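> Structure of the sequence below:
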Amino acid sequence: MADDNVDLQAWVGRSETREDMVGVERCVAMQAMLDSPVFGGAASLAPGDALPPLWHWLYFWDIAPRSGLGRDGHPALGGFLPPVGPARRMWAGSRVTFPGVLRLGETATRVSTIDKITEKTGRTGRLVFVTVRHEISGSAGLAVVDEHDIVYREDTGEAGATARPGEPAPDDADWTEPVDPDPTLLFRYSGLTFNGHRIHYDRDYARNVEGYAGLVVHGPLLATYMCALAGHSRSDRPVAGFEFRGMRPVFDTETFTVCGEADGDDAIDVWVANGDGHLAMKGRTTFG
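As a prediction, this is how the structure comes out:
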């Protein structure tokens, strides 16, 4: 992992600012990719419309030159993100609130700040947890606050360990929607988010280097499905917040099920069950 001479805590408080146009084209492409009214693929989109919840992940790309990429296809560490050393990274979860609205066609600004860095030892070796706080503002002010948890697992050079035995997913959902992923779905989402992580499109790398059973469905894509199901189920109220945590990977070789259960009038608990019926991701959507 990190060099003993590197003080990772020195990265806490670092920030960077990016601007981007909240273009209609990426949202139209996202709709075509989702291809379902349940997941936000039906309504026509035009400049001035509200950006659907979590679709801010389509913007503010980290555009690194090819020479600046690591073995896994991500931009090499040591700039904004800390130099944790050889590691395998995962999007562990997020907590997102929507204090305002981003509008299609406007210019938005994202200020990203490293809030916390924690190092631990797990069953697969050393782990570094990094929490990055993203604050996104449009013309009307602050619109999205996204606390993003990243975990870096020590890369020993050997094939990675697979997930622990699964926890059964709840079977009392009020709403369920199956999704049959394929490499094209993963390729399109990687393209829309400019995500070069090879576990999503390079099957040999995913299997032989990182030890997965197949191509890995993106964590934020699963989260988008969960939040969209909740929003569709309670379409009369705006989404005020969403949080999720990844439990185990989902692969392109299995049909997964997006599930939701109402918790009173103001929240819906959501989760993803993988092809074996195990809990892959869980989250919660709150409404304003």
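> need the contact list for residue 217.
Residues in contact with residue 217, defined by CB atoms under 8 Å, 6 or more residues apart in numbering, are 181, 185, 186, 200, 249, 250, 251, 252, 256. All C-beta atoms are positioned from the backbone trio N, CA, C, and that covers glycine.
> Now tabulate those residues in JSON lines and tack on secondary structure and pLDDT.
Formatted as JSON lines, the contacts of residue 217 follow (DSSP: H, G, I helix; E, B strand; the rest coil; pLDDT from 0 to 100):
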{"residue": "181", "secondary structure": "coil", "pLDDT": "97"}
{"residue": "185", "secondary structure": "helix", "pLDDT": "97"}
{"residue": "186", "secondary structure": "helix", "pLDDT": "98"}
{"residue": "200", "secondary structure": "helix", "pLDDT": "97"}
{"residue": "249", "secondary structure": "coil", "pLDDT": "94"}
{"residue": "250", "secondary structure": "coil", "pLDDT": "96"}
{"residue": "251", "secondary structure": "strand", "pLDDT": "97"}
{"residue": "252", "secondary structure": "coil", "pLDDT": "97"}
{"residue": "256", "secondary structure": "strand", "pLDDT": "98"}
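> quick one: which of these is most hemmed in?
Most neighbours among the contacts of residue 217, by other CB atoms under 10 Å: residue 250, with 27 neighbours.
> picking that back up, next, format the contacts of residue 217 as CSV and append distance to residue 170.
Formatted as CSV, the contacts of residue 217 follow (distance: CB to CB, whole Å):
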residue, distance to residue 170
181, 21
185, 25
186, 26
200, 27
249, 19
250, 16
251, 21
252, 24
256, 14
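> Let me know the closest of those to residue 113.
Using CB to CB, residue 200 is the member of the contacts of residue 217 that lies nearest residue 113, at 26.8 Å.
> wait, the closest one sits on residue 186?
Yes - with the criterion set as CB atoms under 8 Å, residue 200 and residue 186 qualify as a contacting pair; they are 4.8 Å apart.
> intersection of neighbour lists for these two?
Taking CB under 8 Å, 6+ apart as the contact criterion, the residues that touch both residue 200 and residue 186 are 215, 217, 218.
> could you pull out the helices for the protein?
For the chain, the helices defined by DSSP state H cover 24-34, 183-193, 203-208, 219-233.
> Now do the first one against helix 219-233, angle only.
Think helix 24-34. With axes from the mean of the first three to the mean of the last three CA atoms, to 10 degrees as the basis, helix 24-34 and helix 219-233 are set at 80 degrees to each other.
> Quick one: distance of helix 24-34 to the chain centre.
How far helix 24-34 lies from its chain's middle: 17 Å, per CA atoms, centre = their mean, to the nearest Å.
> And the average pLDDT for that helix is what?
On average, the pLDDT along helix 24-34 is 95.
> Stretch 70-81 too?
Regarding stretch 70-81, the rounded mean pLDDT is 85.
> Span of that stretch from start to end?
13 Å (CA to CA, to the nearest Å).
> same thing with stretch 92-112?
As for stretch 92-112, its first-to-last residue distance stands at 17 Å under the measure CA to CA.
> Could you give me the buried positions within it?
92-98, 100-104, 106, 108, 110, 112 (16 or more other CB atoms under 10 Å).
> same check, this time on stretch 18-36
18, 20, 22, 24, 26, 27, 29, 30, 31, 33, 34, 36.
> same question, stretch 113-122
Judged by neighbour count using 16+ other CB under 10 Å, the buried positions of stretch 113-122 are 113, 114, 117.
> ok, the last one - contacts?
If I follow you right, that is residue 117. The neighbourhood of residue 117, defined by CB under 8 Å, 6+ apart, consists of 8, 9, 11, 12, 82, 128, 129, 130, 131.
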